[in-house]
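Novice: Could you work out the structure for the sequence below:
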Amino acid sequence: MRRVITYGTFDLLHYGHINLLRQAKALGDYLIVALSTDEFNWVEKHKKSYFPYEVRKQLLEAIRYVDLVIPEESWEQKKTDAKEYHVDVFVIGDDWTGKFDFLKDQGVEVVYLPRTPEVSTTQIKQDLQQG
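Specialist: Residues are numbered from 1 along each chain as shown. Sure thing, here's the model as predicted:
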């Protein structure tokens, strides 16, 4: 079984997220989504999610491409997750290109997928504030 993992906040779930999840799942048989916790978002990313972790988790679990949702609580856990979950492929948006290449040293294929250009959670939040 080929296992794929991706990471993110997945707040205000939109079709860009679905595109990423669909493409990630196509790279293997089992897709794990490491979902940023509220604490990690605030302390490390300096972002506040609109929806709390449990709601974002339920939304992801309802998507047919997603097999397992785990909490993302630190930047460093990517190495341990790769080992613990026997990950073959690490997938993330191409705005992170090069940042996670260190996983290749663990035998993990690293794939940077192009973002859906016309949509982002940040842009949606900005548009709603202006509206």
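Novice: So residue 74 is in contact with residue 40, correct?
Specialist: Yes: if you go by Cβ atoms under 8 Å, residue 74 and residue 40 touch, sitting 6.8 Å apart. Any C-beta I mention is one placed from the backbone N, CA and C, and that applies to glycine too.
Novice: State the pLDDT value of residue 15.
Specialist: pLDDT recorded at residue 15 is 88.
Novice: hang on, I meant residue 117
Specialist: 69.
Novice: Residue 104 in helix, strand or coil?
Specialist: helix (DSSP: H, G, I helix; E, B strand; the rest coil).
Novice: Now do it against residue 69, distance only.
Specialist: 25 Å (Cβ to Cβ, to the nearest Å).
Novice: next one: residue 22
Specialist: For residue 22, the distance to residue 69 - Cβ to Cβ - is 16 Å.
Novice: So which of the two has more stuff around it?
Specialist: residue 69 (20 against 14; other Cβ atoms under 10 Å).
Novice: got a list of what the more buried one touches?
Specialist: 32, 33, 34, 35, 57, 60, 61 (Cβ atoms under 8 Å, 6 or more residues apart in numbering).
Novice: quick one: contacts for the fifth one?
Specialist: If you count contacts by Cβ under 8 Å, 6+ apart, residue 57 has them with 35, 69.
Novice: okay, it: pLDDT?
Specialist: 98.
Novice: Which parts of the helix or strand harbouring it count as buried, going by neighbours?
Specialist: Taking DSSP states H and E as the definition, residue 57 sits inside helix 53-61. Across helix 53-61, burial judged by 16 or more other Cβ atoms under 10 Å covers 53, 56, 57, 59, 60.
Novice: what do you get for stretch 89-109?
Specialist: 89, 90, 91, 92, 93, 100, 103, 108.
Novice: Between all of those residues, which two are separated the most?
Specialist: 93 and 108 (16.9 Å; Cβ to Cβ).
Novice: what does the longest helix anywhere in the chain rub up against?
Specialist: Of all the segments of type helix in the chain, defined by DSSP state H, the longest one is helix 15-26. For helix 15-26, contacts defined as Cβ under 8 Å, 6+ apart pick out 4, 6, 8, 10, 31, 33, 60, 63, 65-66, 89, 91, 93, 113, 115-116, 119-120.
Novice: Great, nothing more from me.
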